[in-house]
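Student: got a structure for you, letters missing:
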Ligand code: GLY
């Protein structure tokens, strides 16, 4: 009998498994497909708590904590796997093309600075220096120097290998039907062909979390939010920071690819690249940096983020003893993985996490019927 069974070998489940093994707790990872098959590998990989936040809510604090943990976390993964994950801290730029957008950016600067965070206002010339080729009418922007990126495909391969080397058992092609409990205590998981007994179970099934019976996560709390991405080949990186424009973002890779993302569509479980999605992404990209019109399209894909009703993750214990939940990271799973792993491992091992998890409790959705 393993110490802990984790449902889902995406970035969240895998990160928790690695953290547990490092602390001497044995974990089994169950995955319906292969590790990182879903949104973890589809993500663009921005580590962007300041860029993604509109207020200093608990998810923002979680993201900042996680960003600070990233260098150490990446080093651990490198140590176990021997692989690089494309981790770079080149910052993020936000572009304004209207006075109203400039004012919004100024307001963002103010509240983030009041939290002691670094943000630089850019005038039009400074913006052009950071983002050569930016549209002529760009008025200015912001620069977040502490933000960075990873390459999620590289990261997932390396993390998955790291978990195996650390001693995590992987069971792939394992569809979990339900979490089993007796009275108010969990005792295992039911797969299609067998039961695995265990009294500590972590639900980390991303957009599929609500399809697993018995977890106590009410139906409709976590939904798939499709994101489409188009990858261009620019030959060499046109700039190094990622760029947020009004209708999309551009994430340069060191090898000259430029990821253009992303749609957010609550359209069920259909992964698809659509005409409308690609039109939206390419229009945004070519409006923001007009010379991208001549870049080659090399790949397009989509993934399903685990969206939640309030767009904050669900972290903590479930209603039934022995069930732990780590899902619903929506746009921020890559960023929030190191912090999630740390707090969940603390909970599972009975120590108090350094972050107050009450705002992330599944109990906040208790008025919704399962
Ligand atoms: N974090 C960016 C996205 O989910 O599209």
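Tutor: Done, it's in. These numbers come from a predicted model, not from an experiment. Numbers count the residues shown, from 1 in each chain.
Student: and whichever residue of the stretch 101-250 of the chain sits closest to the ligand, how many neighbours?
Tutor: Of all residues in the stretch 101-250 of the chain, residue 227 sits closest to the ligand, at 4.9 Å by CB to the nearest ligand atom. All C-beta atoms are positioned from the backbone trio N, CA, C, and that covers glycine. Other residues lying near residue 227 total 23 when counted by other CB atoms under 10 Å.
Student: setting the sequence-adjacent residues aside, check what's closest to it.
Tutor: residue 262 (3.9 Å; CB to CB, 6 or more residues apart in numbering).
Student: pLDDT score assigned to the one you found?
Tutor: If you check residue 262, the pLDDT there is 97.
Student: can you tell me how far it sits from the ligand?
Tutor: From residue 262 across to the ligand, the span is 4 Å (CB to the nearest ligand atom, to the nearest Å).
Student: identify the residues contacting the spatially most central residue of the chain.
Tutor: Most central in the chain under CA atoms, centre = their mean is residue 333, positioned 1.8 Å from the mean C-alpha point. Counting by CB atoms under 8 Å, 6 or more residues apart in numbering, residue 333 touches 10-12, 39-40, 43, 206, 305-306.
Student: can you narrow those to ones near the ligand?
Tutor: residue 305 (CB under 6 Å from any ligand atom).
Student: point out the residues in the stretch 1-150 of the chain that sit beside the ligand.
Tutor: 44, 46.
Student: how about the biggest helix by length in the chain: buried residues?
Tutor: In the chain, taking DSSP state H as the definition, the longest helix is helix 58-81. Buried positions in helix 58-81, judged by neighbour count with 16 or more other CB atoms under 10 Å: 58-67, 69-70, 73-74, 76-77, 80-81.
Student: what residue ranges in this structure score low on pLDDT?
Tutor: Within the chain, the segments meeting pLDDT under 70 span 369-370.
Student: now the helices for it?
Tutor: 11-22, 39-42, 49-52, 58-81, 99-114, 124-130, 152-166, 275-288, 333-348.
Student: from these, which stretch is densest packed?
Tutor: Mean neighbour counts were compared across the helices of the chain using mean count of other CB atoms under 10 Å; the top stretch is helix 11-22, at a mean of 28.
Student: and that helix, what does it pack against?
Tutor: strand 4-7, strand 27-31, helix 39-42, helix 58-81, helix 152-166, strand 323-327, helix 333-348 (3 or more CB pairs under 8 Å, 6 or more residues apart in numbering; DSSP states H and E).
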